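In: Here's a sequence, model it:
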Amino acid sequence: MVSIQLSVYDVLRAIKMAENYSNLYAIVGFPSITQPAHTLCDLLRLDMDIITIHNLEETNRALDRLREGGYKMVVSDMVTHTLARQKGFDAFLITSGVESLHDAFTQAIQISDRFRQLRRQNQLLEGVARSRSGNTIILDAVGGNQTAAARQLGISRTTLWRYLNPKPAKKTPQD
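Out: Now for the predicted structure:
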């Protein structure tokens, strides 16, 4: 499964946009948001409230505490954003930027390429199995190394050699 992760750039973009907000705000989210936010605040020497939540119940409690503290806006993930809006907060949603989308597409292409390769290998092996040509073995995976192939097949090198070099069938006299 391919998921679109939030990057440090995504969190930085949201922090920079939230700086234009004149009221008190905090970053509230799951660790995938708050860990990069802590790192960025440390690097940029920003004094910002960051609250890590792990479930909906924690989100409700965190938002209630923020309201009591006079906060008017949260910068957050989708779950917190939805709940904050229901509770009357201004909410700024941290979204995935171009970099994160590019990474997800790259990952999807790599997975697709790997499945295509596995499908080709599977078709080849199915063809070999259907052909019932008993002396066919694929050595590509080990670069033609018969010792390594025997080890992978769980047989001795001698057994593999015999398999690859069968004795000619005895000729029967023709009448």
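In: Okay, now the unreliable bits of this structure?
Out: Within the chain, the segments meeting pLDDT under 70 span 124-125, 127-141, 168-175.
In: Kindly recompute the last result at 50.
Out: Low-confidence segments of the chain, defined by pLDDT under 50, are absent; every residue clears the threshold.
In: So what's the residue count around Tyr9?
Out: 15 (other Cβ atoms under 10 Å). (C-beta placed from N, C-alpha, C; glycine too.)
In: no, scratch that, I was asking about Leu153
Out: Close neighbours of Leu153, defined as other Cβ under 10 Å, add up to 13.
In: Quick one: list the elements packing against the helix or strand harbouring Ala108.
Out: For Ala108, the element it lies in under DSSP states H and E is helix 98-131. Packing contacts for helix 98-131, counted by 3 or more Cβ pairs under 8 Å, 6 or more residues apart in numbering; DSSP states H and E, involve helix 8-18.
In: Pull the residues that contact the helix it packs on.
Out: Residues from elsewhere that reach helix 8-18, judged by Cβ atoms under 8 Å, 6 or more residues apart in numbering: 25, 27, 33, 36-37, 39-41, 46, 48, 73, 75, 92-97, 99-100.
In: coming back round to it: list the buried ones in the helix or strand just after the helix holding Ala108?
Out: Counting by DSSP H and E, the next helix or strand C-terminal to helix 98-131 is helix 146-153. Of the residues in helix 146-153, those with enough neighbours to count as buried (16 or more other Cβ atoms under 10 Å) are Ala149, Ala150.
In: C-alpha coordinates for the very next helix or strand once past helix 146-153, CSV please?
Out: The element immediately downstream of helix 146-153 (helix or strand, assigned by DSSP H and E) is helix 157-164. C-alpha atoms of helix 157-164 as CSV (Å, rounded to 0.1, in the frame of the first residue of the first chain):
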residue,chain,number,x,y,z
ARG,A,157,25.5,-30.0,-6.0
THR,A,158,26.0,-33.6,-7.3
THR,A,159,22.2,-34.1,-7.5
LEU,A,160,21.9,-30.8,-9.5
TRP,A,161,24.7,-31.9,-11.8
ARG,A,162,23.0,-35.2,-12.5
TYR,A,163,19.7,-33.4,-13.1
LEU,A,164,21.4,-31.0,-15.6
